[in-house]
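*Asks:* Quick one: sequence plus predicted model below, questions after.
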Amino acid sequence: MQQKKVRMKKSAIIFSFFIIVITVLRCSSDKREPGTAYMPDMVYSRAYETYASVDNLHEKGVNYNSTPVAGTVARGDLSSYPYKNDSIGYVLSKNVKNPLPTLDAKDYIEATRLFLVNCGICHGDKLDGNGPLWKDGDGPFPSAPRNLLKDPVTANMAEGTMFHSMTYGKNMMGSYASQLSTKQRWMIVHYIKEKQRLSKTGETVK
Amino acid sequence: MCFYSIPVLLLPTNCTLSTFFRSTASMISEKYIYQKLSLCFFVFIAVLNIDLSAQDGKILFNSKCASCHNVFKNTTGPALGGFQERENGKWTDTKELLKWVKNPPAYMEHDAYTKGLKAQFGSIMQSFSDITEPELVAIASYVNTTFQKGPGGGTTTATSSEPNEETDGRNAILFGIISLIMAVIAMILMQVNSNLKKLSDDVEGVLRPEPTPFYKNKIYISVVAIAFFVVGGFYVTKGAIGFGRQKEYQPHQPIFYSHKVHAGINQINCLYCHGNAMESKHATIPSTNVCMNCHKAITSYEKGPKLFDEEGKEINGTAEIAKLHKYARFDPKNPAAWDPSKAQPISWVKIHNLPDHVYFNHSQHIKAGNVQCQTCHGEITKMDEVFQFSELSMSWCINCHRDTKVNFYDEEKGTGNKFYSIYEKFHNDLKSGKMDSVTVKDIGGLECQKCHY
């Protein structure tokens, strides 16, 4: 009887030791793995969230289109640009006028922010075509971005052509249509034109 | 450089400094000094001239050519390195080169080679009618010297220093070993002590009971048990708190994308790629075309520091860019044929996961609250591989809501956010000096239903 108790005690110790070892191993933090959720109640969304897989939606009978229907305009945005991304569109673009009124002080600040975030990286915060990606040829970008104030091509560029290039990209520049809304692109056109006017007249303050 | 050479030139070759000073007054005639000075002046001008033209070539190249031409690789136009060897050295004749550059469409009429270039690159070179012959020579010499130096200009960029964590880890191991040795020595000494005591007792004839071995000694056992309880309890509690949290989570990503290189070294704004953080619940991961804005042109990793992953394995940056090109269905050898609509999304692994029962909105924090990305995401500009910096636990949220001040509109200064004007009482209290600041807590930042609904 006594012996049996001792044996049981021994096996209990060994058993609990194993439990501890397994728990520690399971809980050890491998930072490459996300781990598993303990009682995942209300952890995973039942609705389709951003970045949820949409691969099998069609099989479930859900009609899903990742791109907007052609010709639709987002609420609050301007109507879309009429010309296609080809050489004819590029030539015709110079006739398109900026639909936005001249920027007021608040919009000018917002346009400056948009320019610095999206354009300044190549064209420079001073619009001199010397942003951090070019750095006088020391940066990683292989082509010199245009000097928006002094290069004759960009300094005399029509508003519509500027918009066309931002929308579809030109030469080594990519399209910014996915990063900037139609309105934001026209705001940046205003901003560049204002900066070009200031640099010609030699004024420094708006 | 030339200023240093003045005294050297003035000194006759075998004359010491003292004799030189004695002689300046009498021996050397004024004419001699003038002669040497003027010679020196000419040397100085010549050196300056060479410098200027080399400098000019770079400036001219960057302002006129570099938009479309690179020395080493094809961009909008062909690579210019070694261009004078092409077409049997036709371009070594500056007159011919000038004719081409001044009016490319006219030149192309009777030249098959440039016509072929147009077919290859899809556009005609812009006319440079105001360029002069010396300018062309300067550009050509700049292109040739740069080409001879090779990519990177013969200069090597500093490699990143050894990560500090490694030395920290080594120190911890060292301290562990030292304390282990100390513990063993202490045990041996205690054993020796008891043995000596036993010996002396034997000699003195004192009879003592056999000492209990240390594993049956109740004091030892209780000390070990208490230590085990404290240490084990600490880790169990810590582990239990960490249930369902993923701090430090650092998954392998399909492409080794270094935030350090992009946001740190190249200073790309966070909002360039994650622009929706201003407008939406999600900061959003950029689509493949945003990567291709730059990587259409940047096809190799050359100028940055060496890259290492967390395991210390060296990463080949160019191969990682090639992976991106594969997703984008982009052929670097034929960039003109790229169709962005064929690009495939990259399946990045999401790092920051909040459970569904919590609502978090990026735009609310970034646009209205003016919180910096780094406040919650850590020093992202120093991370090669991103990890979850914050706990994303409820206490972490609440603590920040208790401390963060709300940017109320200040009528006198005209700064701040007018959105909060409905909190009339707080505005009055701020004016009368009853409160010195309003925190997120005061405007309901601790209410359950703000985040859980």
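*Replies:* That came in fine, so what should we check first?

*Asks:* Tell me who's in contact with the closest residue to B:Tyr142 other than its chain neighbours.
*Replies:* Among residues not flanking B:Tyr142 along the chain, B:Gly57 sits closest, at 2.9 Å (Cβ to Cβ, 6 or more residues apart in numbering or on different chains). Any C-beta I mention is one placed from the backbone N, CA and C, and that applies to glycine too. Contact partners of B:Gly57, counting by Cβ atoms under 8 Å, 6 or more residues apart in numbering or on different chains, are B:138-143.

*Asks:* Mark which of the residues you listed are buried, thanks.
*Replies:* For those, a neighbour count by 16 or more other Cβ atoms under 10 Å in any protein chain shown gives the buried set as B:138-140, B:142-143.

*Asks:* Helix or strand next in line after the top helix by length along chain B, which one?
*Replies:* Using DSSP state H, we find that the single longest helix of chain B is helix B:164-204. Proceeding N to C from helix B:164-204, the next assigned helix or strand is helix B:218-241, under DSSP states H and E.

*Asks:* quick one: that next one near chain A?
*Replies:* Yes. Contact of helix B:218-241 with chain A (Cβ under 8 Å from any Cβ of the partner chain) involves B:Gly239.

*Asks:* Now do the buried residues in that helix.
*Replies:* In helix B:218-241, counting by 16+ other Cβ under 10 Å, buried: nothing.

*Asks:* same deal with stretch B:391-398?
*Replies:* Within stretch B:391-398, the residues that count as buried by 16+ other Cβ under 10 Å are B:392, B:397.

*Asks:* sorry, back to before: average model confidence for the longest helix of chain B?
*Replies:* Here helix B:164-204 scores 85 as its mean pLDDT.

*Asks:* how much space is there between the residue nearest to B:Tyr142 and chain A?
*Replies:* Separation of B:Gly57 from chain A (Cβ to the nearest Cβ, to the nearest Å) stands at 12 Å.

*Asks:* Following element in sequence after the helix or strand hosting that residue, please.
*Replies:* According to DSSP H and E, B:Gly57 maps onto helix B:30-60. The element immediately downstream of helix B:30-60 (helix or strand, assigned by DSSP H and E) is helix B:94-102.

*Asks:* Tell me the helices and strands packed up against that next one.
*Replies:* Packing contacts for helix B:94-102, counted by 3 or more Cβ pairs under 8 Å, 6 or more residues apart in numbering or on different chains; DSSP states H and E, involve helix B:133-149.

*Asks:* and the angle from the helix ranked longest in chain A to helix B:218-241?
*Replies:* Longest helix in chain A by number of residues (criterion: DSSP H): helix A:2-27. Interaxial angle of helix A:2-27 relative to helix B:218-241 (axes from the mean of the first three to the mean of the last three Cα atoms, to 10 degrees): 40 degrees.

*Asks:* How far off centre is helix A:2-27?
*Replies:* 55 Å (Cα atoms, centre = their mean, to the nearest Å).

*Asks:* circling back to that earlier point, distance between the longest helix of chain B and the chain's centre?
*Replies:* Its chain's C-alpha centre and that of helix B:164-204 lie 47 Å apart, by Cα atoms, centre = their mean.

*Asks:* if you look at that helix, does any of it touch chain A?
*Replies:* No. No part of helix B:164-204 sits close enough to chain A to count as contact by Cβ under 8 Å from any Cβ; the gap is at least 12.5 Å.
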